[in-house]
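Chemist: Fold the following and give me the result.
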Amino acid sequence: MGKENKNAGIIIIGDEILSGMVRDTNSHYIIEQLRDIGIETERVIIIRDRIDEISQSVCEFSRSYDVVFTSGGIGPTHDDVTIDAISKGFGVSTKIDNILLEHLKRIIGKEPTDVQKRMALIPDGAEVIAHNDIGLPLIKFKNIFILPGIPQCLQRKMIYIKKILETGQRMYIKQVYVNEYESAIALTLSDITERIRGIKIGSYPVLGNNDYKVMVTFSSYNIEDVNTSAEYFIRSLNAEKVVKIEYWGKND
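Modeler: Residues are numbered from 1 along each chain as shown. The predicted structure is shown next:
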């Protein structure tokens, strides 16, 4: 029996996201990586670069979820206030971390300016994790991973975080693409959820696609539930209605 599965909350921080100037891809990437290791994301929010908003949201998420991810607001500019906000929310001071400072010196090639040293700030009591594969060290405060907003930098750190958080249970998913209207398969899907309590089913209509009309997903931590549910669904259809089947997870 694997460990009990954890849940997660994600906070995307940045006025540039809410203004539409920058597209958020980080939440999608984090969700995918967490799903691979059996951690279910329960909530994602996007908030402004405002200290009070960040403080309130991070504290709420920290209480509500096993693990929390913030993305954005840890650079050197005036609107990078995530560290200040988290520190304020938990009633701790900020401090320059020597490990981060030394990494900055090596990257810059000289003593960082006072502005650049903001990138070495952490909430007092935070853990700083250095590893060759993640660039600047990772900051973890309580159950919160404080991540950069730049996708390439965030992705390097998430690969390492996956190793830290690995639960031993994997989410198995089958995606069945059908050339049928959602209304025609709704009763079958309801029947499956009644028969197999451990299965989660998603039904996603697609407009303007000539190949298929609906993508149906069957997901569970139990591979037998996934296979049984998908097979039952496929048998309920005429063979020509099934366009393709995709599988996520390890087929034992």
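Chemist: tell me which element residue 76 falls in.
Modeler: For residue 76, there is no host helix or strand (DSSP states H and E).
Chemist: So the nearest residue to residue 222 once chain neighbours are set aside: helix, strand or coil?
Modeler: Distances taken as CB to CB, 6 or more residues apart in numbering put residue 198 closest to residue 222, at 5.4 Å, once the chain neighbours are dropped. Where you see a C-beta, it was placed from the backbone N, CA and C, and this is true even at glycine. Using DSSP: H, G, I helix; E, B strand; the rest coil, the structure places residue 198 in coil.
Chemist: can you give me the strands in the stretch 101-250 of the chain?
Modeler: Using DSSP state E, counting those that start in this stretch, the strands of the stretch 101-250 of the chain run over residues 121-123, 127-129, 138-141, 144-147, 172-178, 200-205, 214-220, 242-248.
Chemist: Point out the other helices and strands that the second one packs with.
Modeler: Contacts defined by 3 or more CB pairs under 8 Å, 6 or more residues apart in numbering; DSSP states H and E place strand 127-129 against strand 138-141.
Chemist: ok, now with 10 Å
Modeler: With contacts defined as 3 or more CB pairs under 10 Å, 6 or more residues apart in numbering; DSSP states H and E, strand 127-129 has these neighbours: helix 98-108, strand 138-141, helix 151-165.
Chemist: Go through the ones you listed and name the closest to residue 36.
Modeler: With CB to CB as the criterion, residue 36 lies closest to helix 151-165 of the helices and strands packed on strand 127-129, at 6.9 Å.
Chemist: Contacts for that closest one next, please.
Modeler: Residues from elsewhere that reach helix 151-165 (CB atoms under 10 Å, 6 or more residues apart in numbering): 6, 8, 22-26, 28-30, 32-34, 36-39, 66-67, 69, 71-72, 74, 129, 131-140, 145-148, 150.
Chemist: Counting only helices, which of those make the cut?
Modeler: 26, 28-30, 32-34, 36 (DSSP state H).
Chemist: Off-centre distance for stretch 58-69?
Modeler: 13 Å (CA atoms, centre = their mean, to the nearest Å).
Chemist: I'd like the numbering to begin with 19 instead of 1 from here.
Modeler: In the new count, where the first residue is 19, that last one comes out as stretch 76-87.
Chemist: now stretch 138-148: mean pLDDT?
Modeler: For stretch 138-148, mean pLDDT rounds to 94.
Chemist: same check, this time on stretch 32-46
Modeler: The model assigns stretch 32-46 a mean pLDDT of 96.
Chemist: pLDDT below threshold where in this protein?
Modeler: Residue ranges of the chain with pLDDT under 70: 19-22, 185-187, 267-270.
Chemist: Show me how it divides into domains.
Modeler: Structural domains assigned to the chain are 25-183, 190-266, following automatic domain parsing.
Chemist: okay if I get these as JSON lines plus mean neighbour count?
Modeler: Converted to JSON lines, these look like this (neighbours: other CB atoms under 10 Å):
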{"stretch": "domain 25-183", "mean neighbour count": "18"}
{"stretch": "domain 190-266", "mean neighbour count": "15"}
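Chemist: picking that back up, make JSON lines from the strands of the stretch 119-268 of the chain and add distance to residue 206 to it.
Modeler: Formatted as JSON lines, those follow (distance: least, CB to CB, whole Å):
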{"stretch": "strand 139-141", "distance to residue 206": "51"}
{"stretch": "strand 145-147", "distance to residue 206": "48"}
{"stretch": "strand 156-159", "distance to residue 206": "45"}
{"stretch": "strand 162-165", "distance to residue 206": "40"}
{"stretch": "strand 190-196", "distance to residue 206": "11"}
{"stretch": "strand 218-223", "distance to residue 206": "10"}
{"stretch": "strand 232-238", "distance to residue 206": "10"}
{"stretch": "strand 260-266", "distance to residue 206": "13"}
